[in-house]
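**Q** I need the structure of the sequence given here:
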Amino acid sequence: MNEFRLGSRLIGDDHPPLVIAEVGINHEGDFDKAIALVDAAINAGSECVKFQCHITSAEMIPTDMKPGDISDERLWDIIERCELSEEEEIAVKRYCDQSGIIYLSTPFSREAADRLEAMGVIGYKIGSGEANNLPLIEHIARKGKPIILSTGMNDLDSIRPSVELIKNAGCPLMLMHCTSAYPTPYEHVRLGAIAELKQAFDVPVGLSDHSIGIYTCLGAVALGAAALEKHFTISKQWPGPDISLSIEPHELKMLVDGSRAVYHARGGSKNILPLEQPVIDFAYATVVSIAPIQKGELFTEANTWVKRPGTGPIPARHLTQVLGRRALADIQPNRHIQPNEIEEFSCCL
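**A** Have a look, this model is predicted:
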């Protein structure tokens with residue numbers, strides 16, 4: 001599986017998942033809120049924070065359309081209100097760079113992509129709405145930088161041309177499985193698509209998740225997700241169309257810690273580990289005498305059984321091979337029976 005790199009951060013099967021705190025437009029166009037969200041993401045342990053670069057007049061025509069069930073407000077008004085100025089976006093990125101957190105932003109127009117390029121971003125995140133927007137993707141791919149492509153509202157066939165375009169341009173690529181429903185019911189998250197995308201396109205695949213909480217993200221790590229993206233806010237009491245499905249700082253911290261734990265726990269095989277030996281020594285049972293046994297006497301369940309600790313020479317699974325044989329010596333009760341004390345017994349010698 002190919003690796004994906006953002007700056008010095010390697011992403012892929014052999015690396016812990018990258019947790020992306022998506023601020024998006026949760027700052028509502030307030031620069032101070034944007035900076036506070038960066039700080040909160042850093043304090044929660046996230047390595048990456050993502051914004052959205054909106055230049056409303058460049059990305060859409062005037063419209064009275066509303067964003068479905070997300071908000072009763074006109075889409076134009078939401079986007080225009082949540083814009084950060086170019087100077088503010090530059091300042092946010094500079095603050096991220098100085099604070100040691102990866103800055104990403106999603107451009108929704110050529111003009112936004114060019115603004116981000118002038119800012120010196122290390123890569124681009126393309127949202128699901130633009131996943132098959134070949135003109136915009138081609139414009140971004142010409143810049144030659146790593147691209148993260150979300151795939152909500154698309155299937156394998158509809159994103160294949162975008163994947164081929166990006167690869168042909170020589171841009172490193174990571175895909176993000178996504179369901180564009182806000183919030184996404186758990187039964188529609190479809191974590192199985194992660195493996196499907198990896199197999200189809202041979203690139204790292206993450207999860208951009210819109211379900212409530214962090215459960216599906218942790219499940220995604222177990223299934224090989226290379227990155228996790230969640231909408232992020234400081235408080236669910238803030239206004240904004242994405243707030244209801246955003247996670248708060250304590251949840252982001254649990255996601256960071258939990259994703260690393262699941263990453264380290266996945267894989268492996270069913271074998272006995274050396275680190276289990278101390279527990280084996282006291283937890284396993286071995287064959288012992290439970291009554292006095294005289295030389296020549298038969299071993300029976302009345303005088304022989306299995307007990308802990310597991311430090312005796314005959315494991316409990318071999319009891320049936322002991323029973324019915326004769327003792328070659330006198331044996332006191334409550335001690336481990338030795339193989340050389342059993343007639344014609346060679347199992348554990």
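**Q** Let me see the domain layout of the chain.
**A** 8-265, 274-341 (automatic domain parsing).
**Q** Output these as a markdown table; include the columns distance to C347.
**A** Using the backbone N, CA and C atoms, a C-beta is placed for each residue, glycine as well. Below are the domains of the chain laid out as a markdown table (distance: least, Cβ to Cβ, whole Å):
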| stretch | distance to C347 |
| --- | --- |
| domain 8-265 | 36 |
| domain 274-341 | 5 |
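**Q** Just name the most buried of those domains.
**A** Among those, ranked by average contacts under mean count of other Cβ atoms under 10 Å, first place goes to domain 8-265 (a mean of 18).
**Q** for the chain, which spans come out with low pLDDT?
**A** Applying pLDDT under 70 to the chain flags residues 1.
**Q** Geometrically speaking, which residue is the centre of it?
**A** With distances taken as Cα atoms, centre = their mean, V221 lies nearest the centre of the chain, 3.3 Å away.
**Q** T216 should be in a strand, yeah?
**A** No - with DSSP: H, G, I helix; E, B strand; the rest coil as the criterion, T216 is helix rather than part of a strand.
**Q** Let me know whether it touches A193 as I believe.
**A** No - checked against Cβ atoms under 8 Å, the pair T216 and A193 is beyond contact range at 11.8 Å.
**Q** Tell me both backbone torsions, phi and psi, for E187.
**A** phi -70, psi -10 (degrees, to the nearest 10).
**Q** can you check A302 too?
**A** phi -80, psi -30.
**Q** tell me the secondary structure for the closest residue to it other than its chain neighbours?
**A** Among residues not flanking A302 along the chain, A291 sits closest, at 6.5 Å (Cβ to Cβ, 6 or more residues apart in numbering). Three-state call for A291 (three-state DSSP): coil.
**Q** ok, A291 - contacts?
**A** 302-303, 333 (Cβ atoms under 8 Å, 6 or more residues apart in numbering).
**Q** Can you tell me how far it is from I337?
**A** 12 Å (Cβ to Cβ, to the nearest Å).
**Q** try L18
**A** L18 is 57 Å from I337, by Cβ to Cβ.
**Q** got it, and H54?
**A** In terms of Cβ to Cβ, H54 sits 79 Å off from I337.
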